[in-house]
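Colleague: Coordinates for the following, if possible.
(chains A and B)
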Amino acid sequence: MCFTIPGKVVFVTKDTSMATVDYGSEMREAKVIGQKIAVGDYVIVQAHFVVQKIPEKEALESIEMFTCKKNSTS
Amino acid sequence: MQEEQYFLKYAWPCTWVKKERGGISEDEFEMLKNAAEKGVRVPRATLERVYDVACKHMRRVAKEMRKDMWSIAVIDRYFLEEHNRMIDENEDFAMKLTPSLKKLCKCSKAKVLGVIDEFLKVEVGRDIRTVSAVFVPDAKPGDTVIVHYGYAVKMITS
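Modeller: Got it, this is the predicted structure:
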């Protein structure tokens, strides 16, 4: 398995250069570069920056899959 | 460029995923990050251990091509063709990937739309993505690059 878990944007700074992303168990800061990101968007972050926005339905599917996997292997 | 450095640029984005999953130690991550960014040669044994899945499939591609697995042609064929085919067909590591993640996971051609500090805004198919330009510091708008997750892996010339 080689996918990154999507997170939900819960805060964007006024100058829109940074976002706070909620991963359920933790919050992380991510740089926003060249993208329009709003609170409520689901994003993929790599190397501390937002790579891409992804559709909510798909993000929830990925999160659920990851949660199931984690529970079944722990 | 040596084969080891060439491979590491392609594989580097996966290292972040491994880190998030706790699949690599902090020290090893930092060592590989430094090596990837500065073009330092990492021993093949280390790469074959850390990127075991990629290397397993590269070995198979090498056999089909009747070449050594540590050759540029095999590394390109694996990441640009076989690895993407496996993602499309949900094989091995690509099982259960959702459509957007499949696109991020593939090594794809992308058009550079803009350069913002050390990042590129790129167009991959119909998607707009931000990628790190650390491996392609000379990229400019209009260029074509290969992207893998959050990184531009290399420039495409011609």
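
Colleague: Neighbours of the residue of chain B found nearest chain A, how many?
Modeller: Distances between chain B and chain A by C-beta to the nearest C-beta are smallest at B:G150, namely 3.4 Å. Every C-beta, even on glycine, is put in place using the N, C-alpha and C of the backbone. If you count neighbours by other C-beta atoms under 10 Å in any protein chain shown, B:G150 ends up with 24.

Colleague: Give me the distance between it and A:V50.
Modeller: 9 Å (C-beta to C-beta, to the nearest Å).

Colleague: Now list whatever residues contact both of these two.
Modeller: Common contacts of B:G150 and A:V50 (C-beta atoms under 8 Å, 6 or more residues apart in numbering or on different chains): A:44, B:130.

Colleague: these two touch, right, B:I87 and B:K102?
Modeller: Yes - counting by C-beta atoms under 8 Å, B:I87 does reach B:K102; the two are 5.2 Å apart.

Colleague: ok, back up a step: any idea how far B:E4 is from the nearest residue to the residue of chain B closest to chain A once chain neighbours are set aside?
Modeller: Nearest non-adjacent residue to B:G150, counting by C-beta to C-beta, 6 or more residues apart in numbering or on different chains: A:Q46, 3.4 Å away. The gap separating A:Q46 from B:E4 is 22 Å, by C-beta to C-beta.

Colleague: Who has more neighbours out of those two?
Modeller: Remark: of A:Q46 and B:E4, A:Q46 carries more neighbours, 21 against 18, as counted by other C-beta under 10 Å.

Colleague: Next, count neighbours for B:E30.
Modeller: B:E30, neighbours per other C-beta under 10 Å, totals 12.

Colleague: what helix or strand is it on?
Modeller: helix B:26-38 (DSSP states H and E).

Colleague: Of all the residues in that helix, which ones are buried?
Modeller: B:29, B:31-33, B:35-36 (16 or more other C-beta atoms under 10 Å in any protein chain shown).

Colleague: same deal with stretch B:48-63?
Modeller: B:48, B:50-51, B:54-55, B:57-58, B:61-62.

Colleague: Tell me if stretch B:79-96 is near chain A.
Modeller: Yes - Stretch B:79-96 is in contact with chain A by C-beta under 8 Å from any C-beta of the partner chain, via B:93-96.

Colleague: Provide the contact partners of that stretch at residue level.
Modeller: By C-beta under 8 Å, 6+ apart, the list of residues contacting stretch B:79-96 reads A:1-2, A:65, B:10, B:53-54, B:57, B:60-61, B:97, B:102, B:105-108, B:146, B:148, B:153.

Colleague: where do the helices sit along chain B?
Modeller: Using DSSP state H, the helices found in chain B span residues B:3-20, B:26-38, B:44-50, B:52-65, B:72-77, B:83-88, B:99-105.

Colleague: tally of neighbours for A:V21?
Modeller: 22.

Colleague: For it, which three-state class applies?
Modeller: When classified by DSSP: H, G, I helix; E, B strand; the rest coil, A:V21 comes out as strand.

Colleague: Could you pull up the contacting residues of the nearest residue to it once chain neighbours are set aside?
Modeller: Counting by C-beta to C-beta, 6+ apart, A:V21 lies nearest to A:G7, which is 3.7 Å off, once chain neighbours are set aside. For A:G7, the contact set (C-beta under 8 Å, 6+ apart) comprises A:21-23, A:28, A:42-43, A:45.
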